[in-house]
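[1] My questions concern the predicted model and sequence given below.
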Amino acid sequence: MNRTAMRASQKDFENAMNQVKLLKKDPGNEVKLKLYSLYKQATEGPCNMPKPGVFDLINKAKWDAWNALGSLPKETARQNYVDLVSSLSSSLESSSQVEPGTDRKSTGYETLMVTSEDGITKIMLNRPTKKNALNVEMYHEIMHALKAASKDDSAITVLTGNGDYYSSGNDLTNFTDIPPGGVEEKAKNGAILLREFVGCFIDFPKPLIAVVNGPAVGISVTLLGLFDAVYASDRATFHTPFSHLGQSPEGCSSYTFPKIMSPAKATEMLVFGKKLTAGEACAQGLVTEVFPDSTFQKEVWTRLKAFAKLPPNAMRISKEIIRNREKEKLHAVNAEECSVLQGRWLSDECMNAVVNFLSRKSKL
Ligand SMILES: CCCCCCCCCC/C=C/CC(=O)SCCNC(=O)CCNC(=O)[C@H](O)C(C)(C)COP(=O)(O)OP(=O)(O)OC[C@H]1O[C@@H](n2cnc3c(N)ncnc32)[C@H](O)[C@@H]1OP(=O)(O)O
């Protein structure tokens, strides 16, 4: 259908806005700026904001994009927005048709390396230059990889990191690109994403093992409470600087950590941000076993290959009986943590901490 000859109605416009939220793949900053500027032009007309300062990079880019639309009529902007979303949806749909459903191969991922051999599906976080920080795309890809692994013919699934870090946790630049609906909408969408993401770990049906190759921060630590075994290099450290970031615990850690390590030890980690060595984390029960870094990969993979030869159905059923009676509780905890965190993301404490990190004033 040639849409340029048509006029997009308010309903078309609202549908397009909803479609944008459902896009599975990040369309990239350039497209997002275009969407932002067309949205603003369609709803408010020509740019009416004072020009931001040169150091306010994100708002300056947004202002430039909106201002560049000059006196484009609101109706035309609305139509262009609808057309852009429609082209975006179909191009992203057709790319997912190339590698449909759960058959996605390792090469189909931008942020992961996924391989399956010797009865083991290995999901490797693959943003080593960013210390394997989890950006929005990586959250989606991990969910996709877990869903595929739950149905493939491997016996066990392993999560590990590429490079010197296991993961530095949530990518703090996730906070920077604000949608047309503002920070409230961003926080709401973040909470929906987080809930779905953690839910995939709660529901994962096969033995799930973490191979912690180096330091782990934030959500990459809290999730460990949902794994069936955690093997760590003696180079690894475990750190959840939530209070430093004005945030609160996630990954069901407000429930699993006090059970695993006692309420007081959980408080030291989750409230005071105490960093544990691998040995300490093992003594607290968060880590199953620690290996010298020099022999870590060899020893762990030898052990995992032996585990993967065990009868898969027996392992699945045994996991079920160990974990299932907690599942409902874990989903309720997850929902509550996400809702609390949604509020925290809007707090000055959180915003200031993120700005400090991004402007290179602090590391955690
Ligand atoms: C409302 C929005 C919601 C969005 C959706 C989110 C949904 C889920 C949220 C779940 C919440 C989880 C909470 C957490 O995970 S809290 C933990 C967050 N992580 C951190 O605070 C760590 C920050 N990073 C650091 O402190 C340091 O980088 C480091 C890990 C100690 C490593 O220091 P080092 O000196 O060795 O290395 P660099 O700092 O030079 O790092 C190399 C480059 O990598 C970038 N980097 C590293 N970690 C992150 C990160 N977490 N976020 C963004 N970027 C990161 C770093 O900036 C360097 O980049 P550069 O080379 O471009 O400068």
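    Looks like it arrived, so ask away. Numbering: from 1, shown residues only.
[2] Check which helix or strand residue 310 maps to.
    Under the criterion DSSP states H and E, no helix or strand holds residue 310.
[3] was I right about it contacting residue 155?
    Yes. Counting by Cβ atoms under 8 Å, residue 310 touches residue 155, with 6.8 Å between them. No exception for glycine: its C-beta is placed from N, CA and C like everyone else's.
[4] Convert the C-alpha atoms of stretch 276-296 to PDB, please.
    C-alpha atoms of stretch 276-296 as PDB (Å, rounded to 0.1, in the frame of the first residue of the first chain):
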ATOM      1  CA  LEU A 276      33.400 -10.400  47.900                       C
ATOM      2  CA  THR A 277      36.300 -12.400  46.600                       C
ATOM      3  CA  ALA A 278      35.600 -15.700  45.000                       C
ATOM      4  CA  GLY A 279      36.700 -17.500  48.100                       C
ATOM      5  CA  GLU A 280      34.400 -15.400  50.300                       C
ATOM      6  CA  ALA A 281      31.500 -15.900  47.900                       C
ATOM      7  CA  CYS A 282      32.100 -19.700  48.100                       C
ATOM      8  CA  ALA A 283      32.200 -19.600  51.900                       C
ATOM      9  CA  GLN A 284      28.800 -17.800  51.800                       C
ATOM     10  CA  GLY A 285      27.300 -20.400  49.500                       C
ATOM     11  CA  LEU A 286      26.800 -18.100  46.500                       C
ATOM     12  CA  VAL A 287      29.600 -19.900  44.600                       C
ATOM     13  CA  THR A 288      29.800 -23.700  44.400                       C
ATOM     14  CA  GLU A 289      33.600 -24.100  43.900                       C
ATOM     15  CA  VAL A 290      36.600 -21.800  43.100                       C
ATOM     16  CA  PHE A 291      39.400 -22.800  40.800                       C
ATOM     17  CA  PRO A 292      42.800 -21.300  40.200                       C
ATOM     18  CA  ASP A 293      42.600 -19.000  37.200                       C
ATOM     19  CA  SER A 294      45.400 -20.800  35.400                       C
ATOM     20  CA  THR A 295      43.500 -24.100  35.300                       C
ATOM     21  CA  PHE A 296      39.900 -22.700  35.500                       C
END
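[5] So in that sheet, which strands flank whichever strand or helix holds residue 116, and in what orientation?
    Assigned by DSSP H and E, residue 116 belongs to strand 112-117. Sheet partners assigned to strand 112-117 using DSSP bridges are listed as strand 120-125 (antiparallel).
[6] The strand it pairs with and the ligand, are they touching?
    No. Applying Cβ under 6 Å from any ligand atom, one finds strand 120-125 separated from the ligand by no less than 11.8 Å.
[7] And for that strand, what's in contact with it?
    With Cβ atoms under 8 Å, 6 or more residues apart in numbering as the test, strand 120-125 has contacts from 111-116, 132, 134, 138, 142, 145-146, 148-149, 152, 154-162, 166-167, 304-305, 308.
[8] Give me the subset of those residues lying in strands.
    Among the contacts of strand 120-125, the ones falling in strands (DSSP state E) are 112, 113, 114, 115, 116, 156, 157, 158, 159, 160, 161.
[9] The third one contacts residue 145, doesn't it?
    Spelled out, that is residue 114. Yes. The pair formed by residue 114 and residue 145 meets the contact definition of Cβ under 8 Å, at 5.1 Å.
[10] Give me the more crowded residue out of the two.
    Taking other Cβ atoms under 10 Å, residue 114 and residue 145 do not tie; residue 145 has more neighbours (26 against 23).
[11] how about the CA coordinates for the strand or helix carrying residue 37, as PDB?
    Element membership for residue 37 (DSSP H and E) is helix 29-44. C-alpha atoms of helix 29-44 as PDB (Å, rounded to 0.1, in the frame of the first residue of the first chain):
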ATOM      1  CA  ASN A  29      20.500   5.900  17.600                       C
ATOM      2  CA  GLU A  30      20.000   7.600  14.200                       C
ATOM      3  CA  VAL A  31      16.600   6.100  13.700                       C
ATOM      4  CA  LYS A  32      15.600   6.800  17.300                       C
ATOM      5  CA  LEU A  33      16.500  10.400  16.900                       C
ATOM      6  CA  LYS A  34      14.400  10.500  13.700                       C
ATOM      7  CA  LEU A  35      11.500   9.000  15.500                       C
ATOM      8  CA  TYR A  36      11.900  11.400  18.400                       C
ATOM      9  CA  SER A  37      12.000  14.500  16.200                       C
ATOM     10  CA  LEU A  38       9.000  13.400  14.100                       C
ATOM     11  CA  TYR A  39       7.100  12.600  17.300                       C
ATOM     12  CA  LYS A  40       7.800  16.100  18.700                       C
ATOM     13  CA  GLN A  41       7.000  17.800  15.500                       C
ATOM     14  CA  ALA A  42       3.700  15.900  15.100                       C
ATOM     15  CA  THR A  43       2.600  16.600  18.600                       C
ATOM     16  CA  GLU A  44       4.100  20.100  19.400                       C
END
